[in-house]
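Trainee: got a predicted structure here, sequence first:
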Amino acid sequence: MEVLPLVALVAGSAAVAGLARRTPVPAPLLLVAAGLLAAYVPGVPAYALDPHIVLPLLLPPLLYTAAVDSSYLDLRANVRPIAMLSVGYVLFATVAVGYAAYLLVPGLSLPVALVLGAVIAPPDAVAATAIARKLRLPNRITTILQGESLVNDATAITAYKVALAAAVGVSAGWAGGIAEFLLASVGGIGVGLLLMVPIHHLRTRLKEPLLQNTLSLLIPFVAYAAAERVHASGVLAVVVVALYLGHRNWQVDFATRLQEEAVWKVVAFVLESVVFALIGLQLPVVLTGLGEYDGLHAATYATAVFLAVVVARFLWVFPATFVPRWLSPRIRDRETETDWKAPVIVGWAGMRGVVSLAIAFSVPVDVPHRNLILFLTFTTVIGTLVVQGLTLPPLIRALQLPPRDVQAETLAEAQAQSEASRAAEERLAELLEEPENSTLPPPLADRLRTVMERRRNAVWERLGEVNPETGESADDVYRRLAREMIAAEREVFVTLRDDRRIDDEMLRALLRRLDLEEAAAYREEN
């Protein structure tokens, strides 16, 4: 692809995603709609989605950033429902949707229909994370959706390979399919386990933040490529490494964490924006190869497959939620009680995304009905994103799910900060008694105590009364005044630079100090 169309794609996607932040519509939906409209604007080039780019180059960093931000402890606590969805549901959807397509489309063989089922079986990691983040779903539902979307691509890709082998006549049978599935899953997890400790060791030994962040950007590609090299699941390798690094991220120095968070926010924002815009831009490419099917039949097939995808998810989610609880007292004791509302949300939150399209585009051209597979995958992705994505917020409001207890979360944070502050006070007292620290002037020791006290009180102040006119707590007022003071200092520094009383290098050093202080004052607002 030429440079200018690529720059236009990134810039246009970022602009639409930025606009979405000012609207109640989740960014993925607005980006897909913009892509659909832009696909037929004169002068817009054809952006053909290349699976050799999406799967090895776009999928690893998107999975990595989603997994790093996930809670390993929460995922482990919900491993049963996550496994039921990420493995059990994907295999069930592959068979159920594939068989429905086999019955519906004349001349479609069962192996080819199963290829279609595997392609559209996995809900999308990016869509699930973006929608859940936007809607602020209860923690357990968010964890289950994120956990499912992190692992299900590996199941779907393996199921696709087995179905494709059967479709082209080189299948090794059920035994071969099971062996390939085990190789992909166990091998992917194994590669991740082998890589995670050395990579974390290297991250903690590097002392230069730029080098550490360069390594951070390479990690998902290294893990994915290493696993795929041995015919294992690159998806699982990336997820395993990312979960381990995210769980131990506290062991990396603060400068790296600050820089890494900013870098990955930009990477995730750009890639998420691009992949959803690319989905909409595929419309001309998909329709071009559909000449052998008239519009009515194509629309009928698309509607039926979309409905099969939706129904199959509910057919799996409800039994998978309640049957194990009925059968096992141990599961009832270990897992929190749930009602019918949570399965409804999980069932309706099965949006498909760019991975399904990328797999569909990788179907060999000599596979029968390939163009129909592309079309049905595209319509299912668009249908789930638009229909389910637009109706999910009002559905959640209608079900009146219990909101997150912000007061309880703030109280827990305040209690944690109090315990940490007591430990810091004790450590400071020990250090001040040591001879090598006797030269510290009392005002500086008092400053350390003041900063510590400020951290301890800040969270408690958020629980206190607020100004009835402005809605600000005492902590809000403190941060606002601190930032106003910093802004006044910043203006003076710039004036001194403009008057040639300090140079640009000194200005940058002074502004960086202010930036760090402002970041400390601003941290509670993001």
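Mentor: Received, thanks.
Trainee: residues contacting residue 38?
Mentor: 12, 44, 277, 280-281 (Cβ atoms under 8 Å, 6 or more residues apart in numbering). (C-beta placed from N, C-alpha, C; glycine too.)
Trainee: wait, isn't residue 66 in contact with residue 145?
Mentor: No: counting by Cβ atoms under 8 Å, residue 145 is not a contact partner of residue 66; they are 10.9 Å apart.
Trainee: between these two, which one's more packed in?
Mentor: Ranked by neighbour count (other Cβ atoms under 10 Å), residue 66 and residue 145 place residue 145 first, with 25 against 22.
Trainee: run through the stretch 51-200 of the chain and note the low-pLDDT ranges.
Mentor: 125-126, 128-135, 170-175 (pLDDT under 70).
Trainee: for the chain, same thing?
Mentor: 1, 125-126, 128-135, 170-175, 403-406, 461-471, 521-526.
Trainee: residue contacts, the closest residue to residue 255 other than its chain neighbours?
Mentor: The shortest distance from residue 255 to any non-neighbouring residue, by Cβ to Cβ, 6 or more residues apart in numbering, is to residue 209 (4.6 Å). Counting by Cβ under 8 Å, 6+ apart, residue 209 touches 253, 255-256, 259-260.
Trainee: and those residues, which is closest to residue 95?
Mentor: The closest of those to residue 95 turns out to be residue 260 (Cβ to Cβ; 41.5 Å).
Trainee: looking at the contacts of residue 209, spot the one nearest residue 58.
Mentor: Nearest to residue 58 among the contacts of residue 209, with distances taken as Cβ to Cβ, is residue 260, at 19.6 Å.
Trainee: state the distance from the closest one to residue 207.
Mentor: 14 Å (Cβ to Cβ, to the nearest Å).
Trainee: quick one, helices of the stretch 1-150 of the chain?
Mentor: Using DSSP state H, counting those that start in this stretch, the helices of the stretch 1-150 of the chain run over 3-20, 27-38, 51-53, 59-68, 72-77, 79-83, 90-104, 110-119, 125-135, 139-167.
Trainee: deepest of those helices, which one?
Mentor: helix 110-119 (a mean of 27; mean count of other Cβ atoms under 10 Å).
Trainee: tabulate the CA atom coordinates of that one in PDB.
Mentor: Coordinates of each C-alpha in helix 110-119 appear next as PDB, following Å, rounded to 0.1, in the frame of the first residue of the first chain:
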ATOM      1  CA  LEU A 110     -20.700 -29.600   5.400                       C
ATOM      2  CA  PRO A 111     -16.900 -29.100   5.700                       C
ATOM      3  CA  VAL A 112     -17.100 -25.800   3.900                       C
ATOM      4  CA  ALA A 113     -20.100 -24.800   6.100                       C
ATOM      5  CA  LEU A 114     -18.000 -25.600   9.100                       C
ATOM      6  CA  VAL A 115     -15.200 -23.400   7.800                       C
ATOM      7  CA  LEU A 116     -17.800 -20.600   7.800                       C
ATOM      8  CA  GLY A 117     -18.900 -21.600  11.300                       C
ATOM      9  CA  ALA A 118     -15.300 -21.400  12.600                       C
ATOM     10  CA  VAL A 119     -14.700 -18.100  10.900                       C
END
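Trainee: and that helix with helix 90-104, angle?
Mentor: 130 degrees (axes from the mean of the first three to the mean of the last three Cα atoms, to 10 degrees).
Trainee: one step back: now distance to residue 382 too, for the helices of the stretch 1-150 of the chain, in JSON lines please.
Mentor: Formatted as JSON lines, the helices of the stretch 1-150 of the chain follow (distance: least, Cβ to Cβ, whole Å):
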{"stretch": "helix 3-20", "distance to residue 382": "16"}
{"stretch": "helix 27-38", "distance to residue 382": "7"}
{"stretch": "helix 51-53", "distance to residue 382": "18"}
{"stretch": "helix 59-68", "distance to residue 382": "19"}
{"stretch": "helix 72-77", "distance to residue 382": "30"}
{"stretch": "helix 79-83", "distance to residue 382": "27"}
{"stretch": "helix 90-104", "distance to residue 382": "16"}
{"stretch": "helix 110-119", "distance to residue 382": "14"}
{"stretch": "helix 125-135", "distance to residue 382": "12"}
{"stretch": "helix 139-167", "distance to residue 382": "18"}
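Trainee: can you say which of the ones you listed is nearest to residue 293?
Mentor: Per Cβ to Cβ, nearest to residue 293 of the helices of the stretch 1-150 of the chain: helix 90-104, 12.5 Å.
Trainee: now do the closest one: distance to the chain's middle.
Mentor: Centroid separation for helix 90-104 versus its chain: 27 Å, with Cα atoms, centre = their mean, to the nearest Å.
Trainee: what does that helix contact?
Mentor: Here helix 90-104 has contacts from 108-110, 113-118, 120-122, 152, 155-156, 159, 163, 301, 304-305, 308-309, 312-313, 315-316, 376, using Cβ under 8 Å, 6+ apart.
Trainee: look up how far residue 232 lies from the residue nearest to residue 255.
Mentor: Counting by Cβ to Cβ, the gap from residue 209 to residue 232 is 32 Å.
Trainee: one step back: which among the contacts of residue 209 end up buried?
Mentor: 256, 260 (16 or more other Cβ atoms under 10 Å).
Trainee: list phi and psi for residue 232.
Mentor: phi -100, psi 180 (degrees, to the nearest 10).
Trainee: how near is it to residue 224?
Mentor: Distance from residue 232 to residue 224, by Cβ to Cβ: 10 Å.
Trainee: tell me which of these two has more neighbours.
Mentor: Shown here are residue 232 and residue 224; by other Cβ under 10 Å, residue 224 has more neighbours (27 against 23).
Trainee: residues contacting the more buried one?
Mentor: Residue 224 neighbours (Cβ under 8 Å, 6+ apart): 56, 59-60, 234-235, 237-238.
Trainee: so where does it fall, helix or strand?
Mentor: helix 209-229 (DSSP states H and E).
Trainee: what comes up buried for that helix?
Mentor: Buried residues in helix 209-229 (16+ other Cβ under 10 Å): 209, 212-213, 215-216, 219-224, 226-228.
Trainee: what does the next helix or strand after that helix contact?
Mentor: Per DSSP H and E, the first helix or strand lying C-terminal to helix 209-229 is helix 234-247. By Cβ under 8 Å, 6+ apart, the residues outside helix 234-247 that reach it are 56, 59-60, 63-70, 72-73, 75, 150-151, 153-154, 157, 184-185, 188-189, 191-193, 195-197, 199-200, 203, 219-220, 223-228.
Trainee: stretch 290-297 now?
Mentor: 298, 301, 371-372, 375.
Trainee: report the two of those residues separated the most.
Mentor: 301 and 371 (11.9 Å).
Trainee: on that earlier part again, most neighbours among the contacts of residue 38, which one is it?
Mentor: residue 277 (28 neighbours).
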